[in-house]
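Visitor: Kindly generate the corresponding structure for this input.
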Amino acid sequence: MPISQINSNSLATGVPASSNMPTGSVLQVVSANYSTQTTSSSSTYSNTGLNVSITPTSATSKILIFLNLPVFKETNNTSGGFKLVRNSTDLITIETLAGYTNSTASIGLGSVCSNYLDSPATTSSTNYKVQFKSMNNNAVIYICGDGYGAITATITAMEIAA
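Guide: So this is what the prediction gives:
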């Protein structure tokens, strides 16, 4: 005999709709992982493969992005450049000197991490992606790998009530 019984119909009672949540409330969280080793030696930005899509419930919502991207730089005097893009709009330059050592040494950087609070002003599906390049167009930048194997990158989008 159960000690207590919960009626499932009463669970939703008193829970406000997302449109009635107080400012600052987290309305939804979407996360993605990427672990395919990707490289570039070009000074033109290209996709890392790390991206996430979220559909805001309100056009006034903010979207808070967190990202963690493992990076490795091969020889030559270069660095990695990284930016966050919403759909096809550049939002922020995350880094332009990742791995710069003023030498030809290879270097494992660990992770390039960032966060950004966006105001997309839409209720349509919105894609956030990270792009990268080799700043001097002369050395390989690795994403999610170090030449020996894959390492996982993460990106998280949180819808925040405004």
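Visitor: where along this protein do the strands fall?
Guide: 26-34, 38-40, 46-54, 62-73, 80-86, 89-98, 107-118, 126-134, 141-143, 153-160 (DSSP state E).
Visitor: In contact with residue 42, which residues?
Guide: 133, 134, 137 (C-beta atoms under 8 Å, 6 or more residues apart in numbering). For glycine as for every other residue, the C-beta is placed from the backbone atoms N, C-alpha and C.
Visitor: The nearest residue to residue 55 once chain neighbours are set aside: how many residues sit nearby?
Guide: In this structure, residue 55 finds its nearest non-sequential neighbour in residue 125, 4.7 Å apart by C-beta to C-beta, 6 or more residues apart in numbering. Around residue 125 there are 10 other residues, counting by other C-beta atoms under 10 Å.
Visitor: What confidence value was assigned to residue 125?
Guide: Residue 125 is assigned 98 on the pLDDT scale.
Visitor: So what pairs up with residue 80 in the strands?
Guide: Here residue 80 sits in beta bridges with residue 98, residue 134, going by DSSP bridges.
Visitor: so which of the strands of the chain is the most packed in?
Guide: Across the strands of the chain, the average number of neighbours (mean count of other C-beta atoms under 10 Å) peaks for strand 141-143, which reaches a mean of 26.
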